[in-house]
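> Have a look; sequence and predicted model below, questions after that.
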Amino acid sequence: MQKMLTAAVLSTAATAVWAGDITLYTREHFGGPAITLHEAAPDLDQQGFNDKTSSVIVHQGRWEVCAEKHYKGKCLILKEGEYAELKGFNDMMSSVRELDAGRDAARDTKREHK
């Protein structure tokens, strides 16, 4: 029983280490109130951040950010880095999710070639 519990804790810890995170800011150049997400948010209304994001820092991972809830409408894929301005996407973000590099790479390639 102890070995099973230890394995479960280690597995959970490893998942947390590999999970990405993204910080959304209400003002350009990382100003104003902010929220850091560690998991998908299909409806940013629930966090009080729907249509309020003006800058982003992707700390880890690749994230898809979309103008409509549930990852619909205009979407952008943001890799690790700082996005001080979201020209053409300012105050439009309604859903956010981390992409799995292996699983979603094929889908991204298909999008780019359409």
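Structure received.
> right, and the helix or strand after the one helix or strand in the chain whose mean pLDDT sits lowest?
Least confident element among the helices and strands of the chain, by mean pLDDT, DSSP states H and E: helix 2-18 (a mean of 43). The helix or strand immediately downstream of helix 2-18 is strand 21-27, counting by DSSP states H and E.
> Could you identify the helix or strand that succeeds that next one?
Criterion used, DSSP H and E; the element after strand 21-27 is strand 31-37.
> Mind listing what's buried along that next one?
Within strand 31-37, the residues that qualify as buried are 34, 35, 37, counting by 16 or more other Cβ atoms under 10 Å. Any C-beta I mention is one placed from the backbone N, CA and C, and that applies to glycine too.
> export those to a markdown table and tack on pLDDT?
Below are the buried residues of strand 31-37 laid out as a markdown table (pLDDT from 0 to 100):
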| residue | pLDDT |
| --- | --- |
| 34 | 98 |
| 35 | 98 |
| 37 | 97 |
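> quick check, nearest of these to residue 65?
residue 37 (10.4 Å; Cβ to Cβ).
> Quick check: the gap between that closest one and residue 22.
Noted for residue 37: a distance of 5 Å to residue 22, by Cβ to Cβ, to the nearest Å.
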